[in-house]
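> turn this into a model:
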Amino acid sequence: MSTEDIDIEHLRGWIGRERALEDTITPRLAASLAAILDERVDFTEGAPAPTGIHWCICPDIAPMSGLGPDGHPARGAFLPPVPFPRRMWAGGELRFSSAFRVGDRVTRISRIDDVSVKHGRSGSLCFVQVSHRYETPRGLALSERHDIVYRQMESTPGASKAPAPQTREAASRISVTADPVLLMRYSAATFNGHRIHYDRDYCANVEGYPGLIVHGPLQATLLLNLARQENGGAYPASFAFRGVSPLFDGQSVTVNAGRGAPLELWVADASGRITMTATATLSSDAGELPTVPA
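Okay, the predicted model is just below:
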């Protein structure tokens, strides 16, 4: 299928659609994400929630009969029915206004902002841009831009060329083992049924990948956590991130921060290949934003 085969005007009919979902940040949900981040897991009502908790709330929940072949809810309801089979988290941007706390009842208001089709090195790509507003009883907590990319299957599995390893000097670095247990726990915490994160046969035989894919928001959460550590525990004023290439399971990966402002961050696999980059705009005025738990 090529760009000429897509009815882009039909897909752009989804622009402007909105949806509101509500959820509660429970102590159990906070503890589940904290355990994934290897942090303390004892949470009480009102405590600061772990970094990235917003990606664990208000998930798309569909019955088994409402799922597509990739494990995601079938397209055509809120998200447009893009005909390309591969769906990936391309990146996004976060702008923080206040803290998420355990016990918060959160409303997420989502809107389809744009749908476009482009032609890349590996074929036709369809981009869907979604905006989210997260509101707590104290008002707006976070504004998010979420970029989703849909693409065709490779004619030959694994045919696309991954970028070559790069050498970058890190001022700080942490290592994380990207094993199937980590991916399973994060899928469970986010209620993410996408089969690329747990079904190795599907990855190899349908999507042509050599391993399980490490979640984009999990990589972004690790980068955001490091940005907070570099910012004295406070959230950055803004945090923009972009997926560069797939990150596969079964290896030790590094989460890195550079020097200077704005703060440049990146994830690299065991060979040094960069899989996600991010830029954090640090702010000296943390307001009520929480510090990283000790």
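
> how about the helices in the stretch 101-250 of the chain?
For the stretch 101-250 of the chain, the helices defined by DSSP state H, counting those that start in this stretch occupy 180-190, 200-205, 216-230.

> got any ranges where this structure has weak pLDDT?
1-4, 120-122, 154-167, 283-294 (pLDDT under 70).

> would you state the strands of it in chain order?
Using DSSP state E, the strands of the chain run over residues 18-24, 86-96, 105-120, 123-136, 139-151, 172-178, 238-243, 251-257, 263-268, 274-281.

> quick one, the fifth one and strand 105-120 angle?
Here strand 139-151 runs at 30 degrees with respect to strand 105-120, directions being taken by axes from the mean of the first three to the mean of the last three Cα atoms, to 10 degrees.

> give the pairing partners of strand 139-151; include direction for each.
Note on strand 139-151: by DSSP bridges, its sheet partners are strand 86-96 (antiparallel), strand 123-136 (antiparallel).

> please apply the same query to the last one.
In the sheet containing strand 274-281, its partner strands are strand 238-243 (antiparallel), strand 263-268 (antiparallel), by DSSP bridges.

> chain center to stretch 169-186, what's the gap?
14 Å (Cα atoms, centre = their mean, to the nearest Å).

> as CSV, could you dump the C-alpha coordinates of that stretch?
Output in CSV follows, covering the C-alpha atoms of stretch 169-186 (Å, rounded to 0.1, in the frame of the first residue of the first chain):
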residue,chain,number,x,y,z
GLU,A,169,29.8,12.0,26.2
ALA,A,170,27.4,11.6,29.2
ALA,A,171,27.7,13.6,32.3
SER,A,172,25.5,11.1,34.2
ARG,A,173,24.4,7.6,33.2
ILE,A,174,22.4,4.7,34.6
SER,A,175,22.1,1.2,33.4
VAL,A,176,18.9,-0.8,33.0
THR,A,177,18.4,-4.4,32.1
ALA,A,178,15.7,-4.5,29.4
ASP,A,179,14.5,-8.1,30.0
PRO,A,180,11.1,-9.6,29.2
VAL,A,181,10.1,-9.3,32.9
LEU,A,182,10.5,-5.5,32.8
LEU,A,183,8.5,-5.3,29.6
MET,A,184,5.7,-7.5,31.0
ARG,A,185,5.4,-5.5,34.2
TYR,A,186,5.3,-2.2,32.3
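
> can you give me the buried ones in that stretch?
Across stretch 169-186, burial judged by 16 or more other Cβ atoms under 10 Å covers 170, 176, 178, 182-183, 186. To be clear about C-beta, it is placed using only N, CA and C from the backbone, and glycine gets the same treatment.

> what lies in contact with it?
Under the contact criterion Cβ atoms under 8 Å, 6 or more residues apart in numbering, stretch 169-186 has outside partners 32, 35-36, 192, 197-198, 212, 214-215, 218, 222, 226, 229-230, 247-259.

> over to stretch 12-20?
With contacts defined as Cβ under 8 Å, 6+ apart, stretch 12-20 is touched by 78-80, 107-115.

> check the residues you listed for burial and list the buried ones.
The neighbour count (16+ other Cβ under 10 Å) marks 78-80, 107-108, 110-112, 115 as buried among the contacts of stretch 12-20.

> highest mean neighbour count out of the helices of the stretch 101-250 of the chain?
helix 216-230 (a mean of 23; mean count of other Cβ atoms under 10 Å).

> got the angle between it and strand 139-151?
140 degrees.

> could you dump helix 216-230 to CSV, C-alpha only?
What follows is helix 216-230, C-alpha atoms only, in CSV (Å, rounded to 0.1, in the frame of the first residue of the first chain):
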residue,chain,number,x,y,z
GLY,A,216,8.5,4.1,24.0
PRO,A,217,6.9,5.6,27.1
LEU,A,218,9.0,3.4,29.4
GLN,A,219,12.2,4.7,27.7
ALA,A,220,10.8,8.3,28.1
THR,A,221,10.0,7.7,31.7
LEU,A,222,13.5,6.6,32.4
LEU,A,223,14.8,9.7,30.7
LEU,A,224,12.4,11.9,32.5
ASN,A,225,13.4,10.4,35.8
LEU,A,226,17.1,11.1,35.1
ALA,A,227,16.1,14.7,34.1
ARG,A,228,14.5,15.1,37.5
GLN,A,229,17.5,13.9,39.2
GLU,A,230,19.6,16.4,37.3
